[in-house]
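S.K.: Below are the sequence and a predicted model; questions follow.
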Amino acid sequence: MAVRLGCSQTTISRVLNGKGKKYRISDATVKKVLAEAQRCKYSTSLVAHHLRKNKTESIGLLIPSVANPFFADMASVIISEAHSRNYVTIIVDMQEDGSNQDEALAALLERQVDGVIVVPCADNPTLLEEIDRTVVPVVLVDRYYENIPLSYVTTNNYKGGLLATELMLENRHKRIACVQGFPNAMPTIMRVKGYCDAMEKAGLADNELIVGGEFSTQNGYLETKLLLGENPRPTAIFALSNTILLGAIKAIREAGLKIPEDISVISFDNNRYLDYMVPPIHRIGQPVEDMAILASRILFEKINGNNPEQVRRLALSPKLIAGESVCPCRE
Ligand code: RIB
């Protein structure tokens, strides 16, 4: 259009954005530009702006559940990181159901996001790999897949599992039950490995008791109901997530048992409400903010074409946060 009208791109942009007067552009030029714009149906809309930049300045965020404070906290940081780069974030909630993952990814691609951050729920990473290879960059956070070329930022879940179990062992607990999340999720696999290695190192391999199979409050409740019916029952419970913990506490209270006097409890995940529980809960805190910031930075590096092929695999350290829910075993 600039060449046809014999004026600069800047002049055209100023006229189409209604700034002709501000920049003292002659009426004749303004009329000429607007007439040409109408003739070729030029739009000053966001679409035209993004077409010129070949970006929509939006990213997708795929999470298992917005209702889970762990993911809500993570999403808040990612939204802020995107906003600081003038990007918007489109969130899709997979309802902790892996069968929703591919459909959710397709919905984000239809909206032409420039990249995607995913906490994967599905066991099969094929579509994620394909999108990263041929469409837009994909970065995983929290949950991830091993041995595939997708970058991820997670917690050192093995270390967290070890820390939690060692604390129980130091308090002379021998019957420590582990209520796990989704068995195929890497955070579960690594936390359980930490639990098993600590038990084996203490000569208690035969006491390993791993139950459950969802990062859900119902899983925590039902499995703990069953554990408390065992004879002898466990003297300690390691809940592998914030959601599982809530269910475990409900079952313990329904049984009329006291924490930690009757049963010690430790959980994965730090949430602000855990300090307000009676008693405050011992937990393994994950560096959620750092994970979210790093995942965002890796994604935007790729969106901006910096080291697009580089695969980053980062595991950040968890932290044991003391509460009052663990005490020495009285048996
Ligand atoms: O409930 C949330 C859990 O699932 C957290 O432990 C987090 O690691 C996610 O994988």
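M.R.: Good, I have the coordinates.
S.K.: What residues does the stretch 51-200 of the chain have near the ligand?
M.R.: Contact residues (C-beta under 6 Å from any ligand atom) of the stretch 51-200 of the chain with the ligand: Asn68, Phe70, Asp142, Arg143, Gly181, Ala185, Pro187. From N, CA and C alone the C-beta is placed, and that goes for glycine too.
S.K.: Buried subset of the residues you listed as a PyMOL selection?
M.R.: Selection of buried members from those for PyMOL, criterion 16 or more other C-beta atoms under 10 Å:
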select buried, resi 68+70+142+143+181+185+187
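S.K.: would you list the residues of the stretch 51-200 of the chain next to the ligand in CSV and tack on secondary structure and pLDDT?
M.R.: Putting those into CSV (DSSP: H, G, I helix; E, B strand; the rest coil; pLDDT from 0 to 100) gives the following:
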residue, secondary structure, pLDDT
Asn68, coil, 94
Phe70, helix, 96
Asp142, coil, 98
Arg143, coil, 98
Gly181, coil, 97
Ala185, coil, 97
Pro187, helix, 98
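S.K.: what's the domain layout of this structure?
M.R.: 2-39, 57-155+288-317, 157-286 (automatic domain parsing).
S.K.: In TSV: the residues of the stretch 51-200 of the chain next to the ligand, plus distance to Val153.
M.R.: Formatted as TSV, those follow (distance: C-beta to C-beta, whole Å):
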residue	distance to Val153
Asn68	18
Phe70	14
Asp142	8
Arg143	11
Gly181	19
Ala185	15
Pro187	12
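S.K.: Same question for stretch 253-273: list its buried residues.
M.R.: So for stretch 253-273, counting by 16+ other C-beta under 10 Å, buried means Ala255, Ile259, Pro260, Ile263, Ser264, Val265, Ile266, Ser267, Phe268, Asp269, Asn270, Asn271.
S.K.: Run through these and flag the ones next to the ligand.
M.R.: Within the buried residues of stretch 253-273, those near the ligand by C-beta under 6 Å from any ligand atom are Phe268, Asp269.
S.K.: hey, where'd the helices end up in the chain?
M.R.: Under the criterion DSSP state H, the chain contains helices at 2-5, 9-16, 27-39, 46-53, 69-83, 101-110, 126-134, 157-170, 186-201, 217-228, 242-254, 288-303.
S.K.: what's the least confident stretch among these?
M.R.: In terms of average pLDDT, helix 46-53 trails the rest of those, at a mean of 61.
S.K.: rewinding a little: can you say which two of the buried residues of stretch 253-273 are spatially most distant?
M.R.: Farthest-apart pair in the buried residues of stretch 253-273 is Ala255 and Asn270; separation 26.0 Å (C-beta to C-beta).
S.K.: circling back: which of the residues of the stretch 51-200 of the chain next to the ligand lies closest to Glu57?
M.R.: Looking across those and measuring by C-beta to C-beta, the closest to Glu57 is Asp142, at 25.0 Å.
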